[in-house]
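[1] Just to be clear, the model below is a prediction. Sequence and coordinates:
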Amino acid sequence: MSYMIKNFRHTGIVVNDLEKSMDFYVDKLGFEVQKVADESGEYIDTLLGLDKAMVKTVKMTLHNDQMIELLDFTSHKLDKVPTAINRIGPTHMAFTVSDLNKVVEEFTANGIEFISEPVSSPDGYAKVAFCKAPEGTYIELVELKEGP
């Protein structure tokens, strides 16, 4: 069987405060910036369906080459809209961590909001907590139980 999709490339996240968001994704989650670009012109206008769009993009990866892209529209800014964890469409990104309690403690000390304290899954396989990135994106942090 031949599949149309070869792999998952990246997730795009629109932000209003690029500096604060980069602090979260780079300094807190460990992403490494690969490319920063100011994009505008006919290509971007056509691609995005906007007129005279200007957007700063920051592509960043984890050590395993998983990529996200932050997009800061310097034109066409919209106000931050509160999101719900149960809204239709993509709602969160999940990352595996080695010590969830330590991450929650550090993030909370830095003003990062959590939905709840870490909770163990019913099967005991994982401990999980959701926090919010600066732009409101829900981030699921998962600590997996060590094997027997």
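    Arrived safely, thanks for sending. Numbers count the residues shown, from 1 in each chain.

[2] all contacts plus neighbour counts: C-alpha atoms, from now on.
    Noted.

[3] what does the top helix by length along the chain rub up against?
    The longest helix of the chain (DSSP state H) is helix 100-109. Residues from elsewhere that reach helix 100-109, judged by C-alpha atoms under 8 Å, 6 or more residues apart in numbering: 28, 97, 113-114, 117-118, 127-129, 141-143.

[4] Now a ChimeraX select for only the buried ones of those.
    Burial among the contacts of helix 100-109 is assessed by 16 or more other C-alpha atoms under 10 Å; the matching ChimeraX selection reads:
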select :97,113,114,118,127,128,129,141,142,143
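
[5] Columns secondary structure, distance to Ala37 and pLDDT on top of the contacts of helix 100-109, output as TSV?
    Shown next, in TSV, are the contacts of helix 100-109 (DSSP: H, G, I helix; E, B strand; the rest coil; distance: C-alpha to C-alpha, whole Å; pLDDT from 0 to 100):
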residue	secondary structure	distance to Ala37	pLDDT
Lys28	helix	22	95
Val97	coil	30	94
Glu113	coil	30	94
Phe114	strand	32	95
Glu117	coil	37	92
Pro118	coil	37	95
Lys127	strand	37	95
Val128	strand	35	96
Ala129	strand	33	95
Leu141	strand	29	94
Val142	strand	32	95
Glu143	strand	34	95
